[in-house]
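1. Need a 3D model of the following:
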Amino acid sequence: MAPRSRVLVINLWDSDKKVRLAAIDALGGIGDPRAYEHLVRMLGDQDHDVRFACVVALGQMGDKRAIGPLSEACHDKNGYVRTIAQEMVERLKGIQ
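-> Numbering: from 1, shown residues only. Prediction:
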């Protein structure tokens, strides 16, 4: 994993939600496939904003492995998370 990605992965577990959100956003933009498992784990975060950001990041990465975890997120207790998860699943299914 690239040094920048390593730092961002460490920041996923920060107690400050803003730090976690920034790390998620950056990892989604970088698209480092080694961050995939970490982002999937973050789908279980208590905060719906963090789960929403993880769904977006996983969709941005374009890794079809995310279809399963994102399909599970389609049943999230938060409506916004469910909606974006459905969109990202459809996006990933459309990738050739």
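
2. how near is the residue sitting nearest the centre point of the chain to residue 3?
-> Nearest to the mean C-alpha position of the chain, by C-alpha atoms, centre = their mean, lies residue 54 at 2.2 Å. As judged by C-beta to C-beta, to the nearest Å, residue 54 and residue 3 stand 22 Å apart. Every C-beta, even on glycine, is put in place using the N, C-alpha and C of the backbone.

3. Also residue 42?
-> Where residue 3 is concerned, residue 42 sits at a distance of 20 Å (C-beta to C-beta).

4. other SSEs contacting the helix or strand bottoming out on mean pLDDT in the chain?
-> Least confident helix or strand, the chain: helix 3-11 with a mean of 88, by mean pLDDT, DSSP states H and E. If you count contacts as 3 or more C-beta pairs under 8 Å, 6 or more residues apart in numbering; DSSP states H and E, helix 3-11 packs onto helix 17-30.

5. mind redoing it with 10 Å?
-> helix 17-30, helix 36-42 (3 or more C-beta pairs under 10 Å, 6 or more residues apart in numbering; DSSP states H and E).

6. Now the longest one: buried residues?
-> Residues 20-21, 23-28, 30 are the ones in helix 17-30 that count as buried (16 or more other C-beta atoms under 10 Å).

7. now do stretch 4-19
-> Per 16+ other C-beta under 10 Å, stretch 4-19 contains these buried residues: 5, 8-9, 11-12.

8. gap between it and the chain center?
-> With C-alpha atoms, centre = their mean, to the nearest Å as the basis, stretch 4-19 stands 13 Å off its chain's centre.

9. Kindly indicate which of the buried residues of stretch 4-19 lies nearest residue 73.
-> residue 12 (16.6 Å; C-beta to C-beta).

10. so what's the closest residue to the closest one other than its chain neighbours up against?
-> Nearest residue to residue 12, sequence neighbours excluded (C-beta to C-beta, 6 or more residues apart in numbering): residue 23, at 5.1 Å. Contacts for residue 23 were tallied using C-beta atoms under 10 Å, 6 or more residues apart in numbering; they are 5, 7-14, 35, 38-39, 42, 50, 53, 57.
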